[in-house]
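Enquirer: sequence first, predicted model second:
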There are 2 protein chains.
Amino acid sequence: MLKLEPNIKKNLRATGRRMTRTRQAVLSLLQKTRQPVSATEIFERLHQEKVAIDLVTVYRTVHVLKELGLVLQLDLHQEGLSRYELKEGRKHHHHIRCQICGQIEDLLLCPLKKVTKLIEQQTQFIVDDHTLEFTGLCPQCQ
Amino acid sequence: MLKLEPNIKKNLRATGRRMTRTRQAVLSLLQKTRQPVSATEIFERLHQEKVAIDLVTVYRTVHVLKELGLVLQLDLHQEGLSRYELKEGRKHHHHIRCQICGQIEDLLLCPLKKVTKLIEQQTQFIVDDHTLEFTGLCPQCQ
DNA sequence: TGGTATTTGCAATGGACTTGCAATAAGAAG
DNA sequence: CTTCTTATTGCAAGTCCATTGCAAATACCA
């Protein structure tokens, strides 16, 4: 079972929501998945594990988890779909994706703190988020 | 008329393509538009100018211009659509977008050269592109 | 264990973008 | 300037990711 589960359930209850079998299944899948996954991938992998869940429910579940701040939604360049990853316990990071095989790897660095200050000065915006993604060829596809 | 036009026409002819009235119209609109525009926006603005063009043709046109390397395609975070801007004569840059009003501003800096080297060492990927975007509140929406 | 509000599944819908095909028009040749 | 070939356009239909409406199922508190 999930270590996170009791906390998450509390989180859900605090907003009048319930911990259901399908939400557990999605959380559990996200927890054991390394790469960010799309709704369709969640749907397919759960079906492989004989978990009955509708694709609509997957979309609604990741949406709720995102609202609770438990999940991050990624929109990688020109993929035309969203991917999701557990935020719980993870540090701020970015990604690099292989243009050939689609493999996605985490980048544990973020070089943007100073730049953010600079941009706020230059533009008078208040910056509250950024997205950064690299694309290229992974070692296997070179 | 467009200063770019003769060059672009040459470009088109070199790949067996033609300079048409609709392509001129799209190019001309892109040239006078500051912010990156979506296909639908191109469609609507041209119709305001009484230029008859189908939305499909807009999509096909920006696709061709992108193939020729004249146009950049941007997929800003969670917008769910693509935007396009003329590449011609412009330096590499990034964008910041206001979460309230959607205004997009250019950022003329790019802090990623050194980071790219580092990432290539760390991951063994060959990096060939990156996307970087900031979101926040513009001065008017704060 | 029952009652009620949340959640789910199914079907239908929405929005961005693409594709097939016949009609139109660019532009090279005469 | 006219003709001819071939690229391009417009329209209709289709695809893909995602959302919405609603009745049936189910979490969970009393």
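Expert: Arrived safely. Numbering: from 1, shown residues only, chains lettered A, B, ... in the order given.

Enquirer: so who does residue A:99 touch?
Expert: Each residue near residue A:99 by Cβ atoms under 8 Å, 6 or more residues apart in numbering or on different chains is listed here: A:135-137, A:141, B:128. Glycine gets a C-beta too; all of them are placed from N, C-alpha and C.

Enquirer: say whether chain B is contacted by the lengthiest strand in chain A.
Expert: In chain A, with assignment by DSSP state E, the single longest strand is strand A:126-137. Yes. Counting by Cβ under 8 Å from any Cβ of the partner chain, contacts between strand A:126-137 and chain B involve A:126-137.

Enquirer: list buried members of the contacts of residue A:99 by neighbour count.
Expert: A:135-137 (16 or more other Cβ atoms under 10 Å in any protein chain shown).

Enquirer: quick revisit: who touches the longest strand of chain A?
Expert: In contact with strand A:126-137 (Cβ under 8 Å, 6+ apart) are residues A:74-77, A:94-100, A:107, A:110, A:112, A:116, A:119-120, B:77, B:96, B:99, B:116, B:119-120, B:125-137, B:142.

Enquirer: about what we covered before: check the residues of strand A:126-137 next to chain B and tell me the two furthest apart.
Expert: A:126 and A:137 (37.0 Å; Cβ to Cβ).

Enquirer: strands of chain A, start to end?
Expert: Taking DSSP E as the criterion, chain A carries its strands at A:37-38, A:71-74, A:83-86, A:94-98, A:104-107, A:126-137.

Enquirer: need the ones you listed in CSV with mean pLDDT, can you?
Expert: Converted to CSV, the strands of chain A look like this (pLDDT from 0 to 100):
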stretch, mean pLDDT
strand A:37-38, 98
strand A:71-74, 96
strand A:83-86, 97
strand A:94-98, 97
strand A:104-107, 96
strand A:126-137, 96
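
Enquirer: determine which of those strands approaches DNA strand D most closely.
Expert: strand A:37-38 (5.5 Å; Cβ to the nearest atom of the strand).

Enquirer: the closest one vs DNA strand D: in contact?
Expert: Yes. Strand A:37-38 lies in contact with DNA strand D when judged by Cβ under 7 Å from any atom of the strand; the contacting residues are residue A:38.

Enquirer: what's that strand in contact with?
Expert: A:29-30, A:45, A:81-85.

Enquirer: what does stretch A:109-121 contact?
Expert: A:92-94, A:125-127, A:130, A:132, B:96, B:107, B:109, B:111-112, B:114-115, B:118-119, B:134, B:136.
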